[in-house]
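Asks: sequence and predicted model, in that order:
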Amino acid sequence: EKGTYPHYMLKEIDEQPLVTRKIIQKYQDENGSLTIDSNIISAVNDADRIYIVAAGTSYHAGLLGKQFIESWTKIPVEVHVASEFSYNMPILSANPLFIFITQSGETADSRAVLVQVKELGYKALTITNVQGSTLSREADYTLLLHAGPEIAVASTKAYTAQLSVLAILAAVAGQGKGLNLEFDLVKELGIVANAMEVLCDQKEEMEAIAREYLSTTRNCFFIGRTVDYYVGLEGALKLKEISYIQAEGFAGGELKHGTIALIENGTPIIALATQEHVNLSIRGNVKEVVARGANPCIITMKGLEEEDDRFVLPPVHEALSPLVSVIPLQLISYYAALHRGCDVDKPRNLAKSVTVE
Ligand code: F6R
């Protein structure tokens, strides 16, 4: 039920701190340590390569899952769009593990790949929000998101839940190989949940940004480097699907290789700058587009802020910044859609789960 909320999407955005805390709790043992079924951890650590397969927002979560798994377990990971994988299968390693990320557990494109890889005799893990869903039933293993029903077509809380579960999976698997994280993930996810709460209380600021940058624009670009690039892809998808503004996410360094031709006077550029090691380079990319007339909205993290930044995120562990940097993007999309009179919860041409190929 929506309760007092005007839209499910806003309610689901607001649920993210709670969902994050719930996930921590669901994946903790009685001593408070993170834990995952040992069969799943063996399946991960026995694999010589992991193939993540997903669609849409879940694919964007997969790109970040690759970062967590490669950094924390040292197992190589490939991330594939489900609809492409079926017809253009990559060369597989000798001992692959497949991870399907799907909020609904019913996406036909992802299921088609699951059927294919099961036929080839490989093991599959499904990370889903829906217990008993098709992709959960047909995989060898399931990890649940515990995000509660997601009703709005635009996925929000499922995305951050996917990131939390992928981070926990990577951390526990790494630990199983004797690779311990240099920080306490339970504590840092708790800090993330608090930061999410702070952001959910800043709706007026998000509405102001949406009004300032997006109320009349035809298009909008999201740029970032490394993880900020992946979050930008998700920000662009959110914005286009509910506000119908043409929005694209780009790696900061890639824009000048063609797309910069689209920058005109006033074109909004939402730039994420949350990562210290690429802070100078992304800011250089912002200067390139500003020199062509772009209207930049720089979203940064406390500690990296500069004078012209539009919004400063509360500080969290750098590796977990996507869990918080996506929230302003979700809220900005929500308000942009609202200002432009769009049906936020049920955008045109879209269904909540895409059960046709
Ligand atoms: C975006 C969105 C879609 C889904 C995609 C995959 O907001 O909702 O892009 O993410 O259709 O759906 P699941 O995760 O259910 O497989």
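Replies: Now that the structure is in, tell me what you want to look at.
Asks: any idea how far the closest residue to S110 other than its chain neighbours lies from E106?
Replies: Spatial nearest neighbour of S110, excluding adjacent residues (C-beta to C-beta, 6 or more residues apart in numbering): A82 at 4.3 Å. The way it works is simple: take the backbone N, C-alpha and C, and place the C-beta from them, glycine included. Distance of A82 to E106, given as C-beta to C-beta, to the nearest Å: 12 Å.
Asks: do A247 as well
Replies: From A247 to E106 the distance is 26 Å (C-beta to C-beta).
Asks: contacts for stretch 186-201?
Replies: 13-14, 16-18, 20-21, 23-24, 28, 32-34, 160, 164, 167, 313-317, 320, 323-324, 327-328, 331 (C-beta atoms under 8 Å, 6 or more residues apart in numbering).
Asks: from those residues, which would you call buried?
Replies: Buried members of the contacts of stretch 186-201, counted by 16 or more other C-beta atoms under 10 Å: 13-14, 16-17, 20-21, 23-24, 34, 160, 164, 167, 313-314, 316-317, 320, 323-324, 327-328, 331.
Asks: among the residues you listed, which lie within strands?
Replies: When DSSP state E defines the strands, the subset of the buried ones among the contacts of stretch 186-201 inside them is L313.
Asks: okay, now A261: neighbour count?
Replies: Neighbour count for A261, taken as other C-beta atoms under 10 Å: 9.
Asks: just to revisit the earlier point, what about the residue nearest to S110, neighbour count?
Replies: 25.
Asks: before we move on, what about Y141?
Replies: 18.
Asks: same check on D309?
Replies: 18.
Asks: can I assume it sits in a strand?
Replies: No. The assignment for D309 is coil, going by DSSP: H, G, I helix; E, B strand; the rest coil, so no strand is present there.
Asks: and it, what are its phi and psi?
Replies: phi -70, psi 140 (degrees, to the nearest 10).
Asks: am I right that it is in contact with K302?
Replies: No. D309 is beyond contact range of K302, at 10.5 Å (criterion: C-beta atoms under 8 Å).
Asks: A247 and E106: which has the busier surroundings?
Replies: Counted by other C-beta under 10 Å, A247 and E106 do not tie: A247 has more neighbours, with 25 against 18.
Asks: ranges for the helices of the stretch 201-350 of the chain?
Replies: 203-214, 227-243, 279-290, 321-339 (DSSP state H, counting those that start in this stretch).
Asks: the ligand is nearest to which of those?
Replies: helix 227-243 (5.7 Å; C-beta to the nearest ligand atom).
Asks: on contacts alone, who are the packing partners of the closest one?
Replies: helix 56-73, strand 219-224, strand 246-251, strand 268-273, helix 321-339 (3 or more C-beta pairs under 8 Å, 6 or more residues apart in numbering; DSSP states H and E).
Asks: for the residue of the chain found nearest the ligand, which non-adjacent residue is spatially closest?
Replies: Across the chain, the shortest distance to the ligand (C-beta to the nearest ligand atom) belongs to G56, at 1.9 Å. In space, and not counting its chain neighbours, G56 is closest to L237: 6.8 Å by C-beta to C-beta, 6+ apart.
Asks: who are the contact partners of that neighbour?
Replies: G56, T57, H60, A247, G249.
Asks: now the residues you listed in a markdown table, with pLDDT?
Replies: A markdown table is the format used below for these (pLDDT from 0 to 100):
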| residue | pLDDT |
| --- | --- |
| G56 | 98 |
| T57 | 98 |
| H60 | 98 |
| A247 | 98 |
| G249 | 97 |
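Asks: neighbour-wise, which one of these leads?
Replies: Neighbour counts for these peak at H60, which has 29 neighbours (criterion: other C-beta under 10 Å).
Asks: contacting residues for the nearest residue to that one once chain neighbours are set aside?
Replies: Computed as C-beta to C-beta, 6+ apart, the closest residue to H60 that is not its neighbour in sequence is E234, at 4.2 Å. By C-beta under 8 Å, 6+ apart, E234 lies in contact with T57, H60, A61, Y159, G249, V326, L329.
Asks: go through the residues you listed and name the one nearest F98.
Replies: Closest approach between these and F98, by C-beta to C-beta: A61, at 15.5 Å.
Asks: hang on, that closest one packs against I101?
Replies: Yes. Using C-beta under 8 Å, A61 is in contact with I101, at 5.6 Å.
Asks: anything in contact with each of these two?
Replies: In contact with both A61 and I101: A54, Q162, L166, using C-beta under 8 Å, 6+ apart.
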